[in-house]
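1. Next comes the sequence, and after it the predicted model I'd like to discuss.
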Amino acid sequence: MTSSPRLTVVPSAGDVADQVARRIAAAITSNPKLVLGLATGSSPVATYQRLIQLHRDEALDFSQLTTFNLDEYIGLASDHPQSFRHFMQQQLFDHVNIDLANTHVPDGQCLDIEKHVAEYESAIATAGGIAIQLLGIGSNGHIAFNEPGSAADSRTRQVSLTGQTIRANSRFFDSVDDVPRTAITMGIGTIMEADQIILIATGDVKADAIGDAMLGPVSPDCPASLLRMHNDVTFFVDESASPKRDA
Ligand code: GLP
């Protein structure tokens, strides 16, 4: 059975960040021990900046929070400038009072990937599951690194990136050849177990993906469309990323 995700369209990317940060801050305030699922990519950066501002201006307290990130490139050290661990340190963790011991990002240099992904799943379960999962969306509809074709019940695992994703993410690297070809990602089944899912998309490059996700068939061909099987998912988009076609 599918339900409609809520679509919240606001004028600008800044408004998306304001609304999402306020929603997350309210959840942290009502439960300081919240378990939060975090995303990388450019989409959540402004939201993280708002959260940092709320920490500074309104003493938003991250000290008891637990976080799990969606994914990580295989082969990059945690201090590599393009690793997602490094991204999280730079964009959020270094600027708030979070206990780094409670922050989890898959280890792109783990020696035993099978063991590591099983432990990642166990750690989420031991923490009590993810209350709010933040997501971006790739222009091909991918969520985390679940590329088209990923199964609805997929779990945290090693995946290969598509050429489209490698090209899109090459903007952060010196050259396309430097982009890792494989990654560890939470599965779609893992993501769907979060109590609440918030997907952020801004800019017209995301409009087709949002249209496919919200209005196209519910299919692994567009992984984000599978979110419509979740009963508490909100797509926060700016006007330029809102779907440009009718249902
Ligand atoms: C990467 C990440 C995704 C992210 C996507 C879109 O592939 N693995 O989690 O949603 O990029 O990134 P951006 O927000 O930069 O467009």
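-> Now that the structure is in, tell me what you want to look at.
2. just checking, what packs against the helix ranked longest in the chain?
-> Counting by DSSP state H, the longest helix found in the chain is helix 13-30. When contacts are defined as 3 or more Cβ pairs under 8 Å, 6 or more residues apart in numbering; DSSP states H and E, helix 13-30 packs onto strand 6-10, strand 35-38, helix 45-58, strand 132-135, strand 196-201, strand 233-238. The way it works is simple: take the backbone N, C-alpha and C, and place the C-beta from them, glycine included.
3. That helix near the ligand at all?
-> No: judged by Cβ under 6 Å from any ligand atom, helix 13-30 and the ligand are separated, with a smallest distance of 10.8 Å.
4. Buried ones in that helix, by neighbour count?
-> 13, 15-21, 23-25, 27-28 (16 or more other Cβ atoms under 10 Å).
5. Stretch 40-51 too?
-> 40-41, 43-51.
6. okay if I get the helices and strands packed on helix 13-30 as a markdown table plus distance to residue 108 and mean pLDDT?
-> Formatted as a markdown table, the helices and strands packed on helix 13-30 follow (distance: least, Cβ to Cβ, whole Å; pLDDT from 0 to 100):
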| stretch | distance to residue 108 | mean pLDDT |
| --- | --- | --- |
| strand 6-10 | 33 | 93 |
| strand 35-38 | 16 | 98 |
| helix 45-58 | 20 | 98 |
| strand 132-135 | 20 | 98 |
| strand 196-201 | 23 | 98 |
| strand 233-238 | 28 | 97 |
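7. For the ligand, which of these is the nearest?
-> strand 132-135 (6.4 Å; Cβ to the nearest ligand atom).
8. what ranges do the strands span in this structure?
-> Using DSSP state E, the strands of the chain run over 6-10, 35-38, 66-69, 71-73, 103-104, 132-135, 157-160, 182-185, 196-201, 233-238.
9. Which residues does the fourth one contact?
-> I take that to be strand 71-73. Under the criterion Cβ atoms under 8 Å, 6 or more residues apart in numbering, residues 40, 82-85, 105-108, 144-145, 179-180, 182-186 lie in contact with strand 71-73.
10. Can you tell me the strand partners of that strand and which way each runs?
-> Note on strand 71-73: by DSSP bridges, its sheet partners are strand 182-185 (antiparallel).
11. Find out how far the strand it pairs with is from the centre of the chain, if you would.
-> Strand 182-185 has its C-alpha centroid displaced from the chain centroid by 13 Å (Cα atoms, centre = their mean, to the nearest Å).
12. Alpha carbons of that strand, in PDB - could you do that?
-> The C-alpha atoms that make up strand 182-185 are tabulated as PDB, following Å, rounded to 0.1, in the frame of the first residue of the first chain:
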ATOM      1  CA  THR A 182      31.900   2.000  -4.500                       C
ATOM      2  CA  ALA A 183      30.400   3.000  -1.300                       C
ATOM      3  CA  ILE A 184      28.700   1.700   1.900                       C
ATOM      4  CA  THR A 185      25.100   2.800   2.200                       C
END
